[in-house]
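Trainee: Fold the stuff below for me.
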Amino acid sequence: MKVVLEYDPENYEDLEKARIILDSQKNKVIVDELYNTLIRKYYKHGYSDQRVNEILSRLGPDADYLIEHFNSILKDLVGND
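Mentor: The predicted model follows:
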């Protein structure tokens with residue numbers, strides 16, 4: 001697939017749209033990294049940081065709620081794929 005982005009460099013709105021398009025991949029990488037660092041570790045391997053584990057232990061069921069809430073926010077940012 002080939003995508004060609006055409007814009008008028010004299011038009012501020014065109015430049016802003018081009019910037020958003022070009023930044024979108026960078027932003028997706030950031031969101032993916034947040035997911036892998038915050039959410040996936042919680043369910044797959046746990047956190048290596050003992051203090052984080054202590055805090056989550058104190059939160060009990062509220063920790064599950066927070067992780068699910070963060071997961072939902074991240075999914076909303078990148079779509080539900």
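
Trainee: Run through the protein and note the low-pLDDT ranges.
Mentor: 79-81 (pLDDT under 70).

Trainee: Farthest from the middle of it: give me that residue.
Mentor: Within the chain, the residue lying farthest from the chain centre (CA atoms, centre = their mean) is E10, at 32.6 Å.

Trainee: where's V3 relative to D32, distance?
Mentor: 21 Å (CB to CB, to the nearest Å). Where you see a C-beta, it was placed from the backbone N, CA and C, and this is true even at glycine.

Trainee: Settle it for me: which of the two has more neighbours?
Mentor: Legend: neighbour count by other CB atoms under 10 Å for V3 and D32, higher for D32 (13 against 5).

Trainee: Can you get me a residue count around the closest residue to that one other than its chain neighbours?
Mentor: Nearest non-adjacent residue to D32, counting by CB to CB, 6 or more residues apart in numbering: V78, 7.6 Å away. Neighbours of V78 under the rule other CB under 10 Å: 13.

Trainee: Spit out the contact partners of V78.
Mentor: By CB atoms under 8 Å, 6 or more residues apart in numbering, V78 lies in contact with K28, V31, D32.

Trainee: Which ones among those residues map onto helices?
Mentor: Counted as lying in helices by DSSP state H, out of those, are K28, V31, D32.

Trainee: and the residue nearest to L56 when sequence neighbours are not counted, helix, strand or coil?
Mentor: Once flanking residues are discounted, L56 sits nearest to A63: 4.2 Å by CB to CB, 6+ apart. Put simply, A63 is helix when judged by DSSP: H, G, I helix; E, B strand; the rest coil.
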